[in-house]
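Novice: Provided below for reference: sequence and predicted model.
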Amino acid sequence: MLNEQIATRGTESWRPFIEPALKPAPPAAQGKPVDTNEEAGHELSIRVRDLNLWYGANQALKNVNIDVYQHNVTALIGPSGCGKSTFLRCLNRMNDLIRSVRIKGLVEMDGRDVNDPRMDEIALRRRVGMVFQKPNPFPKSIYENIAYAPRMHDLVSRKAEQDELVEQALRDAGLWNEVKDKLAEPGTSLSGGQQQRLCIARAIAVKPDVILMDEPTSALDPISTATIEDLMDKLKQQFTIVTVTHNMQQAARVADYTAFFHLGELIEYNDTRMMFSNPHTKKAEDYITGRYG
Amino acid sequence: MSQSFDEITAQLKHRHRRTARLKWLSMGALALAATFLVVFISDMLVKGLPAFQQAQIQVEVTYSEQSQQMPPAAVNEDVRRLVSRGFLRTLPMSMRDNPDLMGTTRLEWVLADSAVDQYLKGHHTRLKDDQRAVVDDLLAKGQVALKFNTRFFTAGDSKMPELAGIASAAIGTIMTMIVTMLVCFPIGVMTALYLEEFAPDNWLTQVIEININNLAAVPSILFGLLGLAIYINFFGVPRSTPLVGGLTLALMTLPVIIIATRTALRSVPDTIRQAAFGVGCSRWQVVRDHVLPLSFPGILTGSIIGLAQAMGETAPLIIIGMVAFIPDVSASFSDAATVMPAQIFTWAGEPDRAFTEKTAGGILVLLAVLISLNATAVWMRKKFERRW
């Protein structure tokens, strides 16, 4: 198998411009990663087929196919404006909030099309949580930041249960020891990195299946970034994580699978180690080696 | 070849001069505005503060059958003209209420006629020379004096300046404002919520938005005409009442509240909304739990400012008959009433010179109410403000 790859790469390197014509179909077209990660799980979490998205007349996503596997970190990389964040927001229908958006194609989770009018986006977002680029805790206490959503979804009925859930979520997010004595203080009083972990704790408090992270460390310092990366590694035991990052080292460090987007197209979807050591497409290779981006 | 510092400095001279000129001009404008304000307020204080004092006169009051029949007989003839006719008129009533008084003669401080009042305050007066001599004499004996004018704050309007007070107008204002707030706060906030959080961005909402902005700039008297046409002529709401006045002022205040609320809603960072949607909030929960609490101080401030604006409004109320002579405090929302600015307007038109100080006094009361309302707005914003 490895020999095959090297052979394909060989042809690509001297005839890069007619590459699409030579190949019957790019591997990304089937939605499967070109190489499979032996250590990672392969239970399907989200299946995306022929996803197209338009902002008004602008097409932002073109025929995207991806299988996201459970208990993995899947990283979406690509230059600015390539559609990776847009794609991420398709997975919990956050794009519904933008008025001019039009979506065509299948995003399937648990056998259901999430864009089906019968699918309630609130039910979807309960199972697919989100962490944003800039830490955005609610302007409430640390405790209330975590307790709000479970209470809203009727996950807890008694105060003791709620306390327990808050502690568990904060422990899972690695924040408990830092905040256990000041749960009543506002969430915004924490440092940037702590705020982001608070947001992660808030997302996991409703026990979702998938957590989407939209450049979760881009507003943080290197130490906080490292903490969050460790956290992602731990959290994938319980959750499926899809993260957007503009930091390729980060993708290499945390992701099991990496998807490379360019101008709204999914160029390559691959096992992370293969993606960074031996990408199958010229564009991905150019991006990873820093020739553009 | 680059320029030396001296050359560049020389070129910069006129730019600095312009900056200095702009600074002086803007400071001059501020100084001018401050001067106007100081002149206005001190003029009002000088003219209005005397209204809070009223001349009283110490006279022998004889409570007898005769004074029951003919009240002027109760006081001596030489001071009869110096005592307020209003006091004399109420004598039979107080004798009826208090039968013990019958047959006694008491030395009492009673309300003086406004002519005496004006004479003591050094204003123009219609007192004749002999009457002035009597007043001077009484003044020397300490039997006439300026005392705090409680009537001004407890009585309604009167044609006799010494009896006129602002209470009925103040109550009228309060009742009118209650109606205004009850109508336009919920409608205004809900409208703004819909436009800001729910409405699609299409030509219809844009037309609505433009119209709301224009409505805020429509001359207020037109709202009076609208109120007359719709509320009084079409729906048959009784005219001159706090009800119709409040409804009319609500029309006027609505756009102000809508615009203020929209601004407050828009100032809530979108990241908070996204966070709320991200944890699975419905639109209603996003609004109730996150957007409204954060924008509440702004909404409150805007509403209070709108209310203060409505409170100072006279023009639309002229049309719906609220500029009226209201001697008694109105008991219900469908009784005839007047409001403070309308009362001021009425007093300003009175021929008796003694009403000049009433006018200024009324303005002082209105200003005090408006300033305290605005202070409340500032205080509430500070109190409910939350950082994010």
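Specialist: All right, it came through fine. Residues are numbered from 1 along each chain as shown, chains lettered A, B, ... in the order given.
Novice: Helix, strand or coil: sort out A:Pro33 for me.
Specialist: Secondary structure, DSSP: H, G, I helix; E, B strand; the rest coil: A:Pro33 is coil.
Novice: Correction: the previous question concerned B:Ala337.
Specialist: coil.
Novice: again with A:Leu266
Specialist: Three-state call for A:Leu266 (three-state DSSP): strand.
Novice: Need phi/psi at residue 185.
Specialist: Went with chain A since none was named. Main-chain dihedrals, A:Glu185, degrees, to the nearest 10: phi -80, psi 160.
Novice: Count the residues that sit near it.
Specialist: Residues near A:Glu185, counting by other C-beta atoms under 10 Å in any protein chain shown, number 13. (Each C-beta comes from the backbone N, C-alpha and C, glycine too.)
Novice: for residue 225, what are its contacts?
Specialist: You didn't say which chain, so I picked chain A. Residues near A:Thr225 by C-beta atoms under 8 Å, 6 or more residues apart in numbering or on different chains: A:193, A:217, A:250.
Novice: not quite, I wanted chain B
Specialist: Counting by C-beta under 8 Å, 6+ apart, B:Leu225 has contacts B:316, B:319.
Novice: Turn the contacts of A:Thr225 into CSV, including neighbour count and distance to chain B.
Specialist: Listed next are these as CSV, based on neighbours: other C-beta atoms under 10 Å in any protein chain shown; distance: C-beta to the nearest C-beta, whole Å:
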residue, neighbour count, distance to chain B
A:Gly193, 21, 17
A:Thr217, 26, 16
A:Gln250, 22, 21
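Novice: Low-confidence stretches in the chain?
Specialist: Chain wasn't specified; assuming chain A. A:1-29, A:293 (pLDDT under 70).
Novice: meant chain B actually
Specialist: Ranges of chain B meeting pLDDT under 70: B:1, B:386-388.
Novice: change it to 50
Specialist: B:388 (pLDDT under 50).
Novice: near chain A, which residues of the stretch 201-350 of chain B show up?
Specialist: B:201, B:269, B:271-282, B:285, B:289-290, B:294 (C-beta under 8 Å from any C-beta of the partner chain).
Novice: just the buried members of the residues you listed?
Specialist: B:271-281, B:285, B:289-290, B:294 (16 or more other C-beta atoms under 10 Å in any protein chain shown).
Novice: Please identify which pair of those residues lies farthest apart.
Specialist: Using C-beta to C-beta, the two most remote members of those are B:Gly280 and B:Leu294, lying 19.3 Å apart.
Novice: Do I have it right that B:Gly227 meets B:Leu251?
Specialist: Yes - in this structure, B:Gly227 is within contact of B:Leu251 by C-beta atoms under 8 Å, at 6.6 Å.
Novice: Which of the two has more residues huddled nearby?
Specialist: Comparing B:Gly227 with B:Leu251 by neighbour count (other C-beta under 10 Å), the higher total belongs to B:Gly227, at 26 against 23.
Novice: which element is that one on?
Specialist: helix B:220-227 (DSSP states H and E).
Novice: who in the stretch 1-150 of chain A is up against chain B?
Specialist: Of all the residues in the stretch 1-150 of chain A, those lying near chain B are A:92, A:94, A:97, A:99, A:122-123, A:125-126, A:129-132, A:134, A:136-139, A:148-149, going by C-beta under 8 Å from any C-beta.
Novice: give me that answer again for 7 Å
Specialist: Counting by C-beta under 7 Å from any C-beta of the partner chain, the stretch 1-150 of chain A comes close to chain B at A:94, A:97, A:99, A:122, A:125-126, A:129-130, A:132, A:134, A:136, A:138-139, A:149.
Novice: can you put those residues in CSV and add secondary structure, neighbour count and distance to A:Glu229?
Specialist: Listed next are the residues of the stretch 1-150 of chain A next to chain B as CSV, based on DSSP: H, G, I helix; E, B strand; the rest coil; neighbours: other C-beta atoms under 10 Å in any protein chain shown; distance: C-beta to C-beta, whole Å:
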residue, secondary structure, neighbour count, distance to A:Glu229
A:Met94, helix, 23, 23
A:Leu97, helix, 14, 29
A:Arg99, coil, 10, 35
A:Ile122, helix, 17, 30
A:Arg125, helix, 23, 25
A:Arg126, helix, 20, 26
A:Gly129, strand, 26, 18
A:Met130, strand, 27, 18
A:Phe132, coil, 20, 17
A:Lys134, coil, 18, 18
A:Asn136, coil, 25, 20
A:Phe138, coil, 26, 25
A:Pro139, coil, 19, 27
A:Ala149, helix, 26, 24
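Novice: which among those residues gets closest to B:Gln66?
Specialist: A:Pro139 (76.9 Å).
Novice: tell me the domain boundaries of chain B?
Specialist: The record assigns chain B these domain ranges, following automatic domain parsing: B:52-149, B:167-384.
Novice: And for A:Gly193, nearest residue in space, chain neighbours not counted?
Specialist: Spatially, and ignoring its direct neighbours in sequence, A:Gly193 is nearest to A:Ser224 (2.6 Å; C-beta to C-beta, 6 or more residues apart in numbering or on different chains).
Novice: Give the buried residues for stretch B:129-144.
Specialist: B:131, B:134-135, B:138-139, B:143-144.
Novice: near chain A too, which of these?
Specialist: Within these, nothing lies near chain A by C-beta under 7 Å from any C-beta.
Novice: which ones are touching A:Asp256?
Specialist: A:37, A:40, A:72-74, A:272 (C-beta atoms under 7 Å, 6 or more residues apart in numbering or on different chains).
Novice: Next one: it from A:Thr272, what distance?
Specialist: When distance is defined by C-beta to C-beta, to the nearest Å, A:Asp256 is 6 Å away from A:Thr272.
Novice: Can you show me the helices along the stretch 201-350 of chain B?
Specialist: B:203-215, B:220-227, B:242-266, B:270-278, B:283-285, B:292-311, B:315-319, B:340-348 (DSSP state H, counting those that start in this stretch).
Novice: can you tell which of the ones you listed is closest to B:Leu45?
Specialist: Comparing these by C-beta to C-beta, helix B:340-348 comes nearest, at 15.5 Å.
Novice: what helices or strands is the closest one leaning on?
Specialist: helix B:167-193, helix B:355-384 (3 or more C-beta pairs under 7 Å, 6 or more residues apart in numbering or on different chains; DSSP states H and E).
Novice: what does that helix contact?
Specialist: By C-beta under 7 Å, 6+ apart, helix B:340-348 touches B:157, B:166, B:169-170, B:173, B:312-314, B:317, B:322-323, B:325, B:355, B:358-359, B:362-363, B:365-366.
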